Structure formats: C-alpha cells, structure tokens
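In: Give the three-dimensional model of this entry:
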Amino acid sequence: MNSKVADPFVAPIPQNAKDYPRGLYNPLPTFRINEKSITSGYAALAETLRHELADGLRVLVVDGYQGVDWPVFQQNLADAMQKLSIAADWIDVGTCLADEKMFLPKIKPFLGGDDRLFGTQFPFGPEVFFDAEKIADHRIRAAILRSEELGKLTIFYGTGAALIELWDKCWYIDIPKDVIQENARKNKMRNLGAVAYNGFEEFYKRAYFVDWPALNRLKRRLLPQIDRLIDLQNPACPTQIAGTDFHAALQELSRSAFRVRPWYYSGPWGGKFMQGHFGVHPDKVNLSTSFEIITPENGIVLESTQNRLEFSFDCLMFQESANVLGEPAARQFGCEWPIRLDYLDTIDGGNLSTQVHPRPNYIRRNFGETFTQDESYYIINAKPDARVYIGVTDDCDPDEFYRAVQNSVENGVEIDIDKFANSEPSKPHDLFLIPNGTVHGSGRNNLVLEISATAYIFTFKIYDWMRKDLNGKLRPINIERAWKNIRFERNSRYVKENLIAKPELIAEGPGWKKYLLASQKENWWAVHRVEFDDEYEMETNDTAFAINLVAGESCQVTTANGRQMPLAWAESMIIPAAAGHFNVKNTGKTPCKLLLVFIRPTVGISEPLNNPSE
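Out: Predicted coordinates for the structure are as follows:
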C-alpha cells in the first residue's frame, strides 16, 4: 500500500512515501500589466490593421521565430480581414529560402559531424538560409509599394521577412521553446530551410547550435522596431500587444521581482515528487527536470485583464540587460542571463548518469560557448537513503576507470561505479559544489535544485547504468571528451574538504541570519542563505539575484517600485539589479530559508571569469 505524505512541506521525506500532496507552487506565474494592453484573436489583429491603414500603412512585415504555423496564421488573419473588407496582397518570404545544397556547406562546420549531441555555436544571422537576390527583389518591391496610394496593403510574411529591411509596420510572432520542441517531437515542423525531418535528436542539435543563434540575432536587431508582438503558441487564437506597451513592460520587469514560466520534461531516471507537489503533468510516466530559470528556454508571461501573452526571456535581456544584470555584470555577460536554476527529481526514480562538464577553454574552443557549465546541487528534499555522486574515490585509477567504461560501452557490461566514483549521503539543505571537471551525478531519492551557469547541455556521460532513454535508445557515452576534462585530483578527501558547503554566518539582525554557502574561485557565482522568521530586506547594490524559497510555506517579495510578487516553497524568482531595495515578508506559518544566488561583483574586474581557465 502506498504511503501518502500528510504535510506537503515535510522534510526529509519518509522512506516509504509514494504519494506527494499538492503544495503552493504555481507552475504558471504571470506579470500583470495595464488593463486591456493585451488583446486576443484574429479579429483584434484585423481591427488593428483597419486603424493602421487609415494612418498610412501600406507595407506590413510579419516576421517570427522558428515554429510559427504560417499557413494557419495567414489564412485566419486573411479571413478576419475579409470580414472588415480589408484586401491585401500576401507575399510569402518563405519562398526566398535557398536550396539546402546552397546553405548546408555554410552551416555544416557547426553541426558536429556524426556527434549525436554537440555542435558549435553559429556566429551569424539567418541571412545564410536565404537567396540574396530574391530578398533584394522583395526589398525593391517594398520600396515601390510604400509609395502606393492610400488603402493598398501588402503583407510580407514568414520567418526572416524583416530581412527586406523596408516597411511601415513590423509585427513579430514569438513561440515558446517547449512548444517548438514538442511540435518537433511530433514531426510537425522542420529546421529552418530543411526539407526532411530526421528525428528530434538531429532537429534539436541543429536548432540549438545554428537555427536559434541565427534567429536570436535577427530578433535582437528587430526588437526596438517591433510595432506589435504576437504570441502564437495556440495558432487558433493569438494574443498580441502593441510594441510601445511591450517595451514599457520590459522596462517595468527590469525593475521588479518576477518569475519566468517553468516547464518540465520526463527522463529515464525521473521521479514522482514534482508531479504531486507542483501539480503538473500527472499523466506522464515521471518528471525528471524542471527548467526554472534558463534564459534560452524559458518565457515570461504577461497578463492583462483576462488575456495572457508569453515572450522569450531573451527579449528582456536584449532590451534591458544593464538594468537586469547591473552595470558591472552586463559588461562581462552582455545580453546573457548567466545563472541557471532547475530541478532534478529522482524521488522514487533512479540515479542520474555519472558525468562531467567541460573545462572553460574546452567548451569555448570546441562548442563556441563563452563560459562553462559549473554546477552545484542544493538538496531541497530527500529520502533518508539518498546520496550524491561527487568526485572520484581516493584509490581511483584513471586508466582502470577508462578501461571499465570502454568495456561497458563496447560489450554491455555493468560497472561497479562505486569503485571509481565517490558518493556522499545527502539530506535537505546540503549543498554540493560541482565546479567543471568534477565527476558527479545525483543518486535516487533527491529533489535537487541545480544552481549553475546557464550553459546547460554540455554533459559528458561516463556511465548511464546500461539504461535506455524513454524512446528505447541507449544514451550517448562521451568517454574521450570526459577524460580530457575530468580533474582526478578531486577525490573523496578533496570533496569532503572543499566541495561540501559548510555554512558560515556572515551577517545577522533582528529575526534573521545570513550564511555564506559558496563562493569558489573556479566559478563566478556565490550562494547565500538568509534564514528569517518574519521579514528580511536588503539593497541590490547593482547586483542581480536569482532566489528560491527552500524552507517555509510562502512569502511576498516587494521591490522599491511597489511591485509585490508571491513566492512559495520551491519557487524561483529573479530580482533585477535595478530593483534597488527589496523586502521579503513571511506569509506562512513556519520560518523561511531563502537562497540568494548572484554574480560576484569582482568577476571580470579583479578576478577573471572561470578561474582557473584550464
């Protein structure tokens, strides 16, 4: 018989528990803006066009991200326009895409060859995918059409439409990354300009390393010029916002506490805790990961009246990086939000793969990333038997370890991983520090809050327990890459002395104490934990914070601009540097523990990024 936990906040979790009650975690956070700023439906878009035609609109460009269902959008908007007697000439810029044989040689060096997972960051925009002469012809045509008589409308539409450069109004359609990936898994879309679909694995690799970097460069250029932003994750009912209102919302966000929309997926080692406590995807076999704050993947949801509109997190960074990060960090990281928070749920699941992340210059030279994937595991909750693999054993022989892994891959032989990989018991509020080059992996029965750098797919698996993924395929093992990056000096003794956080009291006041948990020379972020009974307040001092309520039921965060945002146990939030003063008030019945993760202000000034660099 299953044992149900009575208290959704109990920690540690009883060993025999199997059902986990719903907590206060909100999987769909929103940021409210002025009433009636967001409208919905094609009729509203057509009405917008009617007003803009009277104001001189002749050429409209509708660009958009990968994954837009352009035929559905075009047909539905045309039908809505017809009801208002609005005629238009539609020009599909998708017909300007070059043949694959023309652009594949230009992107092939960035696709990683036969590597199933990794390529290299593409350094240019989407122009490479298009026939330059056809785009030039449309540019000339747009110039001529802008001199037509009032009332004649031409709409250039499709991903890359803004490459024609000339228009009276520019609309942009955004699509969330999880929606893109779900549609790709269902074979509903292709890579940019691709004719064939060769499976999700190949789609994602090219999207991550080529399509998305290219389209992000165009989105960044366009952002100041966007006259209307459209959320088309539901092709039957778009939501939209005027560009002026959108830019104002970005500015307001950059001075306010806010949450991004998390999203979740299943994996071969996934657990059951998030499904119960977070109240998400009860129909799935498990949930392994929650993307809490990962800039390239998450969106932010605006709410106005009863309408919601989601846009990609990177839009905020493109416009407001200095406000969000603070001036010193923005100099170092530009438009990248560099702090990643995500969950790994292995409660009633399995062990993660034994793995390692690349050293700083290895990831730069081989994959084009700007900083490496340093990590740490904060244990939010766990069962009494939980462990974390971290470092190698004191008597680990690198050559013997290599031969064992190679034999496992070639002959399907299981490894006694405990002979080579060190493991430590884990309990709620432990923090394990995992700088690059450290062998690691969560064991079963942990809810891990992964605090790390935003680089997030560069995992070199060493041993995966001879386990297949949810599609029945063995996951790739990266022996050669792993052995070029493992720091074998990080053995059991080193781990106990250096990689298990020992909280140090650094400040206190009436009803609160602040502890330093982590501040390592190997990476650029620090972790503090504030423990308080009623409330805590502080100044950002031009520093941005990613925060998470790791104990207590709920609190309310208020920034200097008067914005109030709720934060429940296990939820993550961003406090931008420009927020200035913020106050956190306990709204639950038990004391709170709040994690503060931030970029050390000395990084890029008195100390380099990722030191040591090799």
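In: So if we follow the domain assignment, how does the protein break up?
Out: As given by automatic domain parsing, the domain ranges for the chain are 42-237, 254-499, 504-599.
In: closest to S3 out of those?
Out: Using C-beta to C-beta as the measure, domain 254-499 is the one of the domains of the chain that comes nearest S3, at 11.4 Å. C-betas here are computed from N, CA, C, even on glycine.
In: burial count for P224?
Out: Number of residues near P224 (other C-beta atoms under 10 Å) recorded here: 10.
In: Using the three-state scheme, assign A46.
Out: Look at A46: counting by DSSP: H, G, I helix; E, B strand; the rest coil, its state is helix.
In: Point out where the chain drops to low pLDDT.
Out: Applying pLDDT under 70 to the chain flags residues 1-2, 611-614.
In: how about the domains of the chain in CSV, adding distance to P12?
Out: Formatted as CSV, those follow (distance: least, C-beta to C-beta, whole Å):
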stretch, distance to P12
domain 42-237, 31
domain 254-499, 5
domain 504-599, 12
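In: what's the closest of the ones you listed to G23?
Out: Closest of the domains of the chain to G23 is domain 254-499, at 4.5 Å (criterion: C-beta to C-beta).
In: Of the domains of the chain, give the one that comes closest to E607.
Out: Nearest to E607 among the domains of the chain is domain 504-599 (7.3 Å), distances taken as C-beta to C-beta.
In: thinking again about what came up before, of all the domains of the chain, which one comes closest to K36?
Out: Nearest to K36, of these and by C-beta to C-beta, is domain 254-499 at 5.7 Å.
In: what comes up buried for the strand or helix carrying M102?
Out: Assigned by DSSP states H and E, M102 falls within helix 100-107. By neighbour count on 16 or more other C-beta atoms under 10 Å, the buried set for helix 100-107 is 103, 107.
In: what number of residues lie near V405?
Out: The local packing of V405 (other C-beta under 10 Å) involves 22 other residues.
In: wait, isn't it in contact with I462?
Out: Yes - under the criterion of C-beta atoms under 8 Å, V405 makes contact with I462 at 5.8 Å.
In: Please enumerate the shared neighbours of those two.
Out: 477, 479 (C-beta atoms under 8 Å, 6 or more residues apart in numbering).
In: And for E149, the neighbour number?
Out: For E149, using other C-beta under 10 Å, the count is 6.
In: oh sorry, the question was meant for K272
Out: K272, neighbours per other C-beta under 10 Å, totals 20.
In: Can you give me every residue that contacts the residue lying closest to it once chain neighbours are set aside?
Out: Leaving aside its chain neighbours, K272 sits nearest to D348 (4.5 Å; criterion: C-beta to C-beta, 6 or more residues apart in numbering). Contact analysis of D348 by C-beta under 8 Å, 6+ apart lists 18, 271-273, 444-445.
In: re the thing from before, distance from the chain centre to the helix holding M102, please.
Out: Helix 100-107 sits 29 Å away from the centroid of its parent chain (C-alpha atoms, centre = their mean, to the nearest Å).
In: cool, and stretch 549-556?
Out: 23 Å.
In: what's the answer for stretch 408-417, then?
Out: Per C-alpha atoms, centre = their mean, the centroid offset for stretch 408-417 relative to its chain is 33 Å.
In: Tell me where the stretch 101-250 of the chain has helices.
Out: Applying DSSP state H, counting those that start in this stretch to the stretch 101-250 of the chain gives helices spanning 132-145, 177-185, 200-206, 212-222, 243-253.
In: cool, and the stretch 251-400 of the chain?
Out: Using DSSP H, counting those that start in this stretch, helices in the stretch 251-400 of the chain cover 273-277, 313-325, 327-333, 360-367, 398-411.
In: what's the distance between the closest residue to N381 other than its chain neighbours and K461?
Out: In space, N381 comes closest to L447 once its chain neighbours are excluded; the distance is 4.4 Å by C-beta to C-beta, 6+ apart. Remark: distance between L447 and K461 (C-beta to C-beta, to the nearest Å) = 22 Å.
In: Neighbour count: the two, which is higher?
Out: L447 (27 against 20).
In: Regarding that one, what is its secondary structure?
Out: strand.
In: That one pairs with what?
Out: Under the criterion DSSP bridges, L447 forms beta bridges with D345, N381.
In: swap in the one 4 residues further on?
Out: Taking DSSP bridges, one finds L341, S376 as the beta-bridge partners of I451.
In: Test my guess that it contacts S376.
Out: Yes - counting by C-beta under 8 Å, I451 touches S376, with 4.8 Å between them.
In: who touches both of those two?
Out: Joint contacts of I451 and S376 (C-beta under 8 Å, 6+ apart) are V527.
In: Compare these two (neighbour count), which wins?
Out: The neighbour comparison of I451 against S376 (other C-beta under 10 Å) goes to I451, with 27 against 24.
In: residues contacting that one?
Out: I451 makes contact with 339-341, 375-378, 525, 527, 546, 595, 597 under the criterion C-beta under 8 Å, 6+ apart.
In: State the number of residues packed around the nearest residue to W465 once chain neighbours are set aside.
Out: Once flanking residues are discounted, W465 sits nearest to N351: 6.1 Å by C-beta to C-beta, 6+ apart. If you count neighbours by other C-beta under 10 Å, N351 ends up with 22.
In: Can you show me the strands along the stretch 351-500 of the chain?
Out: Under the criterion DSSP state E, counting those that start in this stretch, strands of the stretch 351-500 of the chain are mapped to 354-356, 375-382, 387-392, 421-425, 431-434, 440-442, 446-453, 460-463.
In: For the first one, report the contacting residues that lie outside it.
Out: Yep, that's strand 354-356 we're talking about. Under C-beta under 8 Å, 6+ apart, the answer for strand 354-356 is 389, 417, 421, 437-441, 459-464, 482, 485-486.
In: what's the spatially most central residue of the chain sitting at in phi/psi?
Out: Centroid-nearest residue in the chain, with C-alpha atoms, centre = their mean: I294, separated by 2.4 Å. Backbone geometry at I294, expressed as degrees, to the nearest 10, gives phi -140, psi 100.
In: residues in contact with it?
Out: Under the criterion of C-beta under 8 Å, 6+ apart, the contact list for I294 reads 340-342, 454, 456.
In: Switch these over to a markdown table; also include neighbour count and distance to A207.
Out: Output for the contacts of I294, formatted as a markdown table (neighbours: other C-beta atoms under 10 Å; distance: C-beta to C-beta, whole Å):
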| residue | neighbour count | distance to A207 |
| --- | --- | --- |
| R340 | 25 | 19 |
| L341 | 25 | 23 |
| D342 | 22 | 19 |
| T454 | 20 | 17 |
| Y456 | 20 | 14 |
